[in-house]
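J.: Predicted structure and sequence below. I'll ask about it afterward.
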Amino acid sequence: MMLYAIIFWIITILLCGWWIYFYTFSYKLKRKEQDIRSLFFSRTDNIVSIYEITLPYLEKHSEIFKEILSLRKKEFTLSEISEDIEAFFELESRIHHELNFIFQVCNTHPRLLKDKKFLYVRDILLDKSSLIGKNIAEYNEYIKLYNTMVRYKQYSVIWLLLPFNKKKLLR
C-alpha cells in the first residue's frame, strides 16, 4: 500500500511540475509578445517626427504619408481591442513597408539627406527595426520550443491536464 502512495505522489509531483513549467513558459511567451508590441509602438511613434521633418522638403507630402498615418490609427485601435499577435504583426509589417517606401522617397532628395534631424530620426528608426528583428527571432525560437513541448505533451497522460495548444511563428 505504501508503494502505491509513493507512486501516486511522484506522479502528482511530476504532473504539477510539468504544469508549472508550461505555465511559466507560456508567461514568457506572453511577455515577449508584449516586448515586441512595445518596440513596434516606440518605432511608429517616430512617424510624426519624420512627417514634420520632411514637410518642407517633399512635394505631395500628404499623399506620401496618407497610408502610413491611416495604418498608425489602425494600430492604435487594434492594440486597444485585440490580443491577437498575428493580426498585430500583419499590421506592423504593412507599416514597415510604408516606412520603407517613405525612406525610398526621402533618399531621392539630397537636401533632406543633409538634414541632421532627419538623419538622427532615421538612425533611431533603423536601430529600433533591428531590435524588433532580433526580438522576433527570439520569439520564434521560443515558439519552436513551445510547439515541441506541446507535441510531446500529446503523447502522454499530461495532455489531459494541460490546456496548451500550438502557436504560429511570426514571419
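T.: That came in fine, so what should we check first?
J.: Which neighbouring elements make contact with the helix or strand hosting I143?
T.: Under DSSP states H and E, the secondary-structure element containing I143 is helix 116-153. Secondary-structure packing of helix 116-153 (3 or more Cβ pairs under 8 Å, 6 or more residues apart in numbering; DSSP states H and E): helix 2-44, helix 47-54, helix 85-106. Placement of C-beta: from N, CA and C, glycine included.
J.: Contacts only, for the residue nearest the centre of the chain.
T.: For the chain, I36 is the residue whose C-alpha lies nearest the centre (Cα atoms, centre = their mean; 3.6 Å). With contact taken as Cβ atoms under 8 Å, 6 or more residues apart in numbering, I36 is in contact with 85, 89, 132, 135-136, 139, 170.
J.: What residues sit buried inside the helix holding I143?
T.: For helix 116-153, burial by neighbour count (16 or more other Cβ atoms under 10 Å) applies to 118, 121-122, 125, 128-129, 132, 135-136, 139, 142-143, 146-147, 149-150, 153.
J.: Show me what counts as buried in the lowest-mean-pLDDT helix or strand in the chain.
T.: Ranked by mean pLDDT, DSSP states H and E, the helix or strand of the chain with the weakest confidence is helix 61-81, at a mean of 81. Buried residues in helix 61-81, counted by 16+ other Cβ under 10 Å: 64-65, 68, 71-72, 75, 78.
J.: for that helix, packing partners?
T.: Helix 61-81 is packed against helix 2-44, helix 47-54, helix 85-106, with contacts defined by 3+ Cβ pairs under 8 Å, 6+ apart.
J.: Summarise which helices and strands the shortest one is packed against.
T.: Looking back up the chat, that one is helix 47-54. Counting by 3+ Cβ pairs under 8 Å, 6+ apart, the packing neighbours recorded for helix 47-54 are helix 61-81, helix 85-106, helix 116-153.
J.: And for the last one?
T.: Of the remaining helices and strands, those touching helix 85-106 by 3+ Cβ pairs under 8 Å, 6+ apart are helix 2-44, helix 47-54, helix 61-81, helix 116-153.
J.: Looking at the longest one now, give me its mean pLDDT.
T.: This means helix 2-44. Helix 2-44 carries an average pLDDT of 85.
J.: How many residues are close by N100?
T.: For N100, the count of nearby residues is 11 (other Cβ atoms under 10 Å).
J.: Tell me the predicted confidence for it.
T.: pLDDT at N100 comes out at 91.
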